[in-house]
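1. Quick one: sequence and predicted model below, then my questions.
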Amino acid sequence: MKNLFNYFKEILVGLWSLITGMEVTLRYMFKKPVTVQYPKEKLTMTKNFRGPIQFVLFDKTGSHDCIGCFLCAKACPTDCYTIEAAKTEGGQKRPTRFEYNVLQCSLCNLCVQVCPTKTLEHSRDYEAAAYSPDEYRAINFIEHVGKRATAQGMTSKLGKPVVEQEEKPAS
């Protein structure tokens with residue numbers, strides 16, 4: 001008799017488990033799906049998303065507004081910037097080489113916060129994929145912002161650098 005009671009008890013427990021599982025399934029069957037059909041549909045990233053660092057493209061100059069002060073390189077705990085600067089024809093200091101190593105960057109936001117001209121920002125790019133790590137070792141911001149400006153139909157109003165260059169101070 002005890003074996004018969006345990007047999008029906010196990011059947012009832014199994015049915016209750018089945019009903020509970022089906023309840024969850026039915027509840028989610030009528031809700032809007034969360035899945036995005038990537039790459040046909042793209043996600044919209046939140047304001048707080050931190051993608052790789054990039055130069056801000058300003059409308060007034062048609063380019064970046066970096067003054068080559070090296071504060072971003074000094075603030076960076078992972079030393080992922082290589083910067084060289086020179087005076088332009090107009091007497092302003094501008095970077096001639098501004099490279100960024102994405103693989104080394106910890107996306108800590110210190111460089112963005114310390115920039116006096118607000119030239120650096122986190123991109124909203126979440127599709128950062130490459131076939132080789134070498135593609136991320138040295139991203140040249142000067143070339144990158146030039147390509148973005150050209151794609152948006154802007155022309156740069158910044159002066160061209162003259163000969164003497166100032167290298168990044170040794171830390």
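-> Now that the structure is in, tell me what you want to look at.

2. Could you list the low-pLDDT ranges of the chain?
-> Low-confidence segments of the chain (pLDDT under 70): 154-171.

3. domains of it?
-> Following the assignment in automatic domain parsing, the chain carries domains at 1-31, 53-151.

4. If we ignore the residues flanking it in sequence, what's nearest the residue nearest the centre of the chain?
-> Centroid-nearest residue in the chain: G51, 1.0 Å away (criterion: Cα atoms, centre = their mean). Using Cβ to Cβ, 6 or more residues apart in numbering and skipping the chain neighbours, the partner closest in space to G51 is S123 (4.1 Å). (Glycine included, C-beta is placed from N, CA and C.)

5. contacting residues for that neighbour?
-> When contacts are counted by Cβ atoms under 8 Å, 6 or more residues apart in numbering, S123 touches G51, P52, I53, Q54.

6. likewise L71?
-> Each residue near L71 by Cβ under 8 Å, 6+ apart is listed here: C111, V114, C115, P116.

7. Would you reformat the residues you listed as a markdown table and include neighbour count?
-> Output for the contacts of L71, formatted as a markdown table (neighbours: other Cβ atoms under 10 Å):
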| residue | neighbour count |
| --- | --- |
| C111 | 23 |
| V114 | 15 |
| C115 | 19 |
| P116 | 11 |
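
8. Do I have it right that D65 meets F58?
-> Yes - counting by Cβ atoms under 8 Å, D65 does reach F58; the two are 5.3 Å apart.

9. closest to E41 among the contacts of L71?
-> Distance to E41 across those (Cβ to Cβ) is lowest for C111, with 32.2 Å.

10. Give me the buried positions along the longest helix seen in the chain.
-> As assigned by DSSP state H, the longest helix anywhere in the chain is helix 2-29. Judged by neighbour count (16 or more other Cβ atoms under 10 Å), helix 2-29 contains no buried residues.

11. so after it, what's the next helix or strand?
-> strand 53-55 (DSSP states H and E).

12. packing partners for that next one?
-> strand 120-122, helix 141-151 (3 or more Cβ pairs under 8 Å, 6 or more residues apart in numbering; DSSP states H and E).
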